[in-house]
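Undergrad: sequence-free structure coming up:
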């Protein structure tokens, strides 16, 4: 149990659970939680199982993995080699996930037979050193990209590599398939902050363990041709800085 005390303290804080609250859930005194976190006492097996459920962590990871230094195992195991991909003449195809198929994709993304049933295509000028997937957008939360636009993303090997302010398609266990501007707070609270470009939609948080796949947007295909008179001013570094400040203010409100 070399990492139990540090992992327990770290995960408890990431979950926003106080020592008193955790003690109530385990039906023990608060001083016992303090003893666990200081390494002065070790929980019994039944208590360990309950801790594992409360903190959403496997027993092996809780006991033997240095989460603070190496990060969560769920994040580390995200690798391109586990993806189900389609090929043609040894060239990797781009798998297309239509909007109507997005619900089925949540259950079939690791099923080779299901993946082969989805449309496949190729595009020139994309780097051959990445795996790509295409997702059809629904709704108007990411205007000026209209519903029906196809966003092509490259697979993100580890969530920690997500760049704040960039747009990503996230395949999630809680929100389904979403396309958002993402801000990375994994080191602070183990969560990602998702923002719509259409300010009529409120931003929200999602836990890292609820993200099944992440795809960094690289290109899009749309039948909507922009009007020169409708051109929008491009986002500058100053705009991005103001956006991050607004998001941090929203986070403080959420935590409050």
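TA: The structure has been received and is ready for your questions. Remember, it's a predicted structure, so these values are computed and weren't measured experimentally.

Undergrad: now the strands: where do they sit in this protein?
TA: If DSSP state E is used as the criterion, the strands of the chain fall at 87-88, 91-92, 94-97, 120-121, 132-136, 150-155, 166-172, 176-185, 191-195, 204-207, 211-221.

Undergrad: Model confidence for residue 176, exactly?
TA: pLDDT for residue 176: 90.

Undergrad: quick one, what contacts it?
TA: 102-103, 106 (C-beta atoms under 8 Å, 6 or more residues apart in numbering). Any C-beta I mention is one placed from the backbone N, CA and C, and that applies to glycine too.

Undergrad: Show the contacting residues for residue 218.
TA: 126, 130, 132, 152-154.

Undergrad: Need those in a markdown table (columns: neighbour count, distance to residue 64 and pLDDT).
TA: Formatted as a markdown table, those follow (neighbours: other C-beta atoms under 10 Å; distance: C-beta to C-beta, whole Å; pLDDT from 0 to 100):
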| residue | neighbour count | distance to residue 64 | pLDDT |
| --- | --- | --- | --- |
| 126 | 14 | 40 | 81 |
| 130 | 16 | 33 | 83 |
| 132 | 20 | 36 | 92 |
| 152 | 20 | 39 | 95 |
| 153 | 25 | 34 | 95 |
| 154 | 20 | 33 | 93 |
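
Undergrad: re earlier: would you mind putting the contacts of residue 176 into TSV with neighbour count alongside?
TA: Shown next, in TSV, are the contacts of residue 176 (neighbours: other C-beta atoms under 10 Å):
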residue	neighbour count
102	18
103	11
106	15
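
Undergrad: which residue is nearest the centroid of this structure?
TA: The residue lying closest to the centre of the chain (C-alpha atoms, centre = their mean) is residue 211, at 3.9 Å.

Undergrad: which residues does that residue form a beta bridge with?
TA: Partner residues in beta bridges with residue 211, using DSSP bridges, are residue 172.

Undergrad: still on that earlier bit, what is the nearest of the contacts of residue 176 to residue 180?
TA: Nearest to residue 180 among the contacts of residue 176 is residue 102, at 14.3 Å by C-beta to C-beta.

Undergrad: can you give me the helices in this structure?
TA: 4-15, 19-26, 30-38, 45-54, 59-64, 67-70, 73-76, 102-108, 112-117, 186-189, 237-255 (DSSP state H).

Undergrad: I appreciate the help and will end here.
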